[in-house]
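In: Quick check, what structure comes out for this input:
(2 chains)
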Amino acid sequence: MTEIGHIALIIAFLVAVFSAVASVIGVRVNSRRLVASARIGVLAVSGLFTLALAIILYAFVTKDFSLRIVAEHASQDLPAIYTLSALYADKAGSMFFWGWLISLFTAMLSLQKNNYYQKIKPYALSILTIVEIFFIALVTFVVNVFEKLPSPPVDGWGLNPLLQNFGMLVHPPLLYLGFAGFAVVFALVIAALITCSPSSEWNIGVRDWAIFAWCALGIGNLVGMWWSYNELGWGGYWAWDPVENAGLMPWLLGTAFLHSIVMRRQRNYLQTWSYYLIIFVIAFTLLSPFITHGGIESPLHGFYGSPFPPYILAAILIAVIGSLWLLYIRRQYLEGEQRPASYISREGAFLLTNIILAFLVFIIFTGTVLPKVIEALGGTRIVIDRSFFDRTCGPIMLVLVFLMGACPLLGWGKSAWHSMKRNLLYTLLATMVIAIVILLSGIGNWYAAAAIICGFPLVTICLDWYRGTRARHRTSKKNYIRAFFSLLNSNRARYGGFLAHIGIILIALGIIASSFYDIEKTVTLNIDESMNIGEYKLTYNELTLKQDKTKVSAIASMSVSQNGRLTGVMHPSYDYWFRHKTHFAEVAVRTTPAEDLFISLVWTSYDPEDKSATFRVLVNPLVVWIWVGGGFFLLGGVVAFSSREKQPARVEG
Amino acid sequence: MKKRYLVGTIILVLVVGYLFYLSLGSSVSYYVTVSEFFFKGTELYDTNVRVAGKIADSPIEWNADDLKLRFTITEGGDNMTVIYQGAKPTGFKISSSILVEGKYHSDGVFRASQLIMKCPSKYEPEE
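Out: Predicted coordinates for the structure are as follows:
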């Protein structure tokens, strides 16, 4: 059975080689038959890849431990739902899954009927097929994903309990969706460069794929943060670990790319810049597996003993050098580029956003790879801890938040500054009033600080929406709610963008509040003892031991009272997993709009006589707004993605 | 126009450079293994370092009342005693790979400010 999977991948490899060549030659010699057969080849590769995936998943579900990948990551007692987690917990399995997504997207692209990019499609398919060849080669010839064990074990090694979590079920595929989506964007843009197609022919199609990839990647990163917060028990969600940076950097560059294509569509600015951006987006999506497969050491996560990094590094170099060379020989075909008439204008803000995002990536990249580079050059091994990233990236990100606020106030073009002065005054005033009211109401100082920083962009966006809605209400006599929705509907790309901005601002709010104003305490309590933290009093009532086949859990009952009123009982637990011979804490989190109460049971003896236990308790302000912001972000992405313009838009304020 | 770009870029480079300069110095520490640490003699005493090793097969003392953890890490034939104020992190067990951050003092004890478990994505069964 599993041999069929291996053979399917080998056939897929051969077909992909044929398609990659046939697609380009077919276009060059103008042979419709050759192009058509290349397209069928693309579909066949996708079909064969899917067959191989089905065979692997079947092996996981039936617990076929003769397969290395199953034996190393699954076990008899692994719930079926975590089969997928087990697949991408493997070095070859994760690349296999990623490659499968690319083959799927390539097939989708070949079937897409719209005419945005008929002319460039054969080249784009050829580029994507070359990417597929790379992935198939990695999981077939470098490491055989269908590798058999000489003597199959009775039971597998089992999946890391930390990965047996909903967050880890969806985090990797979301990232891979984003990476694979950007591969399609890259292929389309490079194909356009090869054929010298004017951007009006492919801008919209590229934008759709880019929004999709960017949205999936952003949500994927957020789910990773959520997992880290709820599963790792350290009370935080972001540690500037190399693997986290690996997911963040392509997203930041993707954000810059999206903003640059808005500019080129609206105003024909930033054209060459956007080519550079997409080249580096692709380089960074490949840097991500380079890091996670051990190219750069990460304590948080790594595929141990992966042989892939040199191959990935080679692929990065080929992609970057090849694309830059192409950009160079095509330089005279790039359309004439205009420059903004005034920099205090919306186009100025877009420009600045692009530059800042690129700098941000540069800093994170430097901080991430510098230790490795120094070591490779024969220097001493060093580590750069997270304070470097906090201090450099924090202020820069605040500037971005400010720009999100300034953008709706700015019009396109030269007269922008004049109309902005009054707007700016009003909104800053409104922001100050909100901050002062919060300060006086005594909820807490940190809310005022966070409100000043994040309130300004929120106010300007709401003001912009209010004005638009009022205008529509007046002209069309619709009621305010219907007027509001018709406003959103009138320019989904623009308002989707604003929704995503609201999401990012809320995320910033949560990050600011929870990084500067959290309280943390670790204490050991006996039954009936209490502790105080912030406004809370926690009383340790009971500890119950529960045992099943995989683990023994010590579950604590803690009654929580806030300002003297009993508000509930929380149940953090401390689990000992027999197979892994170690402890994992299941945290309990009580979420309110104002703050999270986070309890992690970090030690107890499991001795029925001695129920004393150690708790790590945190009060994290406004954390929930990070996840709510994620919801807005997703909504914004969906709204922008759903916009269907037939004509390339020009200038709309 | 060209001039404005240039001025803007220069300002940005200066700002970023300044941030780099401010941050890098205090954020960098040496990263060594246990045996490398002792090979350097007393050079790395009393400085902030990250030391990599495995948790040794020797008693792990945990005092729940004053939240003190005492254990030994080993690598390349050298051992180092570590004291940490706080509970065992997830995945803490004998022969796990661990990174300890803190300072080694001349009394022969490493006082860790942070423990980082190297979290492998697979668990190899014990022989």
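
In: Contact partners for residue 12?
Out: The chain I'm using is chain A. Residue A:12 sits next to A:44, A:45, A:48, A:49, A:52, A:103, A:132, A:136 when contact means CB atoms under 8 Å, 6 or more residues apart in numbering or on different chains. Every residue, glycine included, has its C-beta placed from N, CA and C.

In: oops, chain B please
Out: A:355, A:356, A:359.

In: go on, residue B:114?
Out: B:100, B:101, B:102.

In: hmm, try it at 10 Å
Out: Residue B:114 makes contacts with A:385, B:50, B:84, B:86, B:89, B:99, B:100, B:101, B:102, as judged by CB atoms under 10 Å, 6 or more residues apart in numbering or on different chains.

In: Relative to residue A:156, which of those is nearest.
Out: Of all the contacts of residue B:114, residue B:89 has the smallest distance to residue A:156: 25.7 Å, by CB to CB.

In: Ramachandran angles for the closest one?
Out: phi -70, psi 170 (degrees, to the nearest 10).

In: again with the one 5 residues further on
Out: Comment: the main-chain dihedrals of residue B:94 come out as phi -60, psi 140, following degrees, to the nearest 10.

In: Hmm, it is touching residue B:55, no?
Out: Yes - contact criterion CB atoms under 10 Å: residue B:94 and residue B:55 qualify, at 5.4 Å.

In: between the two, which one's more packed in?
Out: residue B:55 (22 against 14; other CB atoms under 10 Å in any protein chain shown).

In: Pretty sure the more buried one sits against residue B:84.
Out: No - with contacts counted by CB under 10 Å, residue B:55 stays clear of residue B:84, the gap being 11.8 Å.

In: overlap in contacts of these two?
Out: By CB under 10 Å, 6+ apart, the residues touching both residue B:55 and residue B:84 are B:71, B:100, B:115.

In: Distance to chain A, pLDDT and secondary structure for these - can I get that in a markdown table?
Out: Shown next, in a markdown table, are the shared contacts of residue B:55 and residue B:84 (distance: CB to the nearest CB, whole Å; pLDDT from 0 to 100; DSSP: H, G, I helix; E, B strand; the rest coil):
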| residue | distance to chain A | pLDDT | secondary structure |
| --- | --- | --- | --- |
| B:71 | 14 | 96 | strand |
| B:100 | 11 | 95 | strand |
| B:115 | 10 | 91 | strand |
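
In: Turn these into TSV, columns for neighbour count.
Out: Below are the shared contacts of residue B:55 and residue B:84 laid out as TSV (neighbours: other CB atoms under 10 Å in any protein chain shown):
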residue	neighbour count
B:71	23
B:100	25
B:115	21
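
In: Identify, from the residues you listed, the entry nearest to residue A:585.
Out: residue B:115 (14.4 Å).

In: from what I can see the closest one touches residue B:101, true?
Out: Yes - using CB under 10 Å, residue B:115 makes contact with residue B:101 at a distance of 7.7 Å.

In: and for these two, which residues touch both?
Out: residue B:84.

In: about what we covered before: chain B next: which of the contacts of residue A:12 are close?
Out: Within the set of those, contact with chain B (CB under 10 Å from any CB of the partner chain) is found for no member.

In: in the stretch 251-400 of chain A, which spans are helices?
Out: Under the criterion DSSP state H, counting those that start in this stretch, the stretch 251-400 of chain A contains helices at A:271-290, A:309-329, A:346-376, A:386-406.

In: And those helices, which one averages the lowest pLDDT?
Out: The minimum mean pLDDT among the helices of the stretch 251-400 of chain A belongs to helix A:386-406 (a mean of 86).

In: Chain B versus residue A:322, what's the distance?
Out: Applying CB to the nearest CB, to the nearest Å, the value for residue A:322 to chain B is 27 Å.

In: what's that residue in contact with, if anything?
Out: A:190, A:279.

In: Tell me where the model's unsure across the chain.
Out: Assuming you mean chain A. A:114-116, A:335-337, A:340-341, A:414-420, A:435, A:438-451, A:645-653 (pLDDT under 70).

In: other chain: chain B
Out: Ranges of chain B meeting pLDDT under 70: B:1-2, B:19, B:22-23, B:119-127.

In: all helices of it, in order?
Out: B:2-27, B:34-39 (DSSP state H).

In: Run through who's touching the last one.
Out: What it means is helix B:34-39. Outside helix B:34-39, the residues touching it (CB under 10 Å, 6+ apart) are A:380-381, B:30, B:32-33, B:43-45, B:49, B:51-54, B:56, B:72-80, B:100, B:104, B:110.

In: Among those residues, the buried ones, what's the ChimeraX command?
Out: Only the buried entries of these go into this ChimeraX selection, using 16 or more other CB atoms under 10 Å in any protein chain shown:
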select /A:381 /B:30,32,33,44,49,51,52,53,54,56,72,73,74,75,80,100,104,110
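
In: In strands, which of the contacts of helix B:34-39 fall?
Out: Filtering the contacts of helix B:34-39 for membership in strands, criterion DSSP state E, returns B:30, B:32-33, B:49, B:51-54, B:72-75, B:78-80, B:100, B:104, B:110.

In: quick one on the thing from earlier: which of the helices of the stretch 251-400 of chain A is buried the deepest?
Out: Mean neighbour count (mean count of other CB atoms under 10 Å in any protein chain shown) peaks for helix A:271-290 among those, with a mean of 23.

In: which strands and helices sit next to it?
Out: helix A:91-111, helix A:121-137, helix A:166-195, helix A:203-231, helix A:242-266, helix A:309-329, helix A:346-376 (3 or more CB pairs under 10 Å, 6 or more residues apart in numbering or on different chains; DSSP states H and E).

In: Let's have these in TSV, adding distance to residue A:150.
Out: Output for these, formatted as TSV (distance: least, CB to CB, whole Å):
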stretch	distance to residue A:150
helix A:91-111	18
helix A:121-137	24
helix A:166-195	30
helix A:203-231	35
helix A:242-266	33
helix A:309-329	26
helix A:346-376	36
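
In: out of these, which comes closest to residue A:546?
Out: Taking those one by one with CB to CB, helix A:203-231 is closest: 19.4 Å.

In: Could you give me the buried positions within that closest one?
Out: A:203-231.

In: Domain ranges for chain A, per the record?
Out: Taking automatic domain parsing as the criterion, chain A consists of the domains A:1-168, A:402-477, A:519-625.

In: Which one, of those, ends up nearest to residue A:259?
Out: So among the domains of chain A, domain A:402-477 is nearest, using CB to CB, at 10.1 Å.

In: How about the closest one and chain B, any contact?
Out: No - with CB under 10 Å from any CB as the criterion, chain B is not reached by domain A:402-477; the gap is at least 13.5 Å.

In: ends of that domain, how far apart?
Out: One end of domain A:402-477 to the other measures 35 Å (CA to CA, to the nearest Å).

In: quick one: that domain to chain centroid distance?
Out: Centroid separation for domain A:402-477 versus its chain: 28 Å, with CA atoms, centre = their mean, to the nearest Å.

In: Next: stretch A:530-548.
Out: Distance of stretch A:530-548 from the chain centroid (CA atoms, centre = their mean) equals 35 Å.

In: hang on, residue A:643 in a strand?
Out: No - counting by DSSP: H, G, I helix; E, B strand; the rest coil, residue A:643 is not found in a strand; it is coil.
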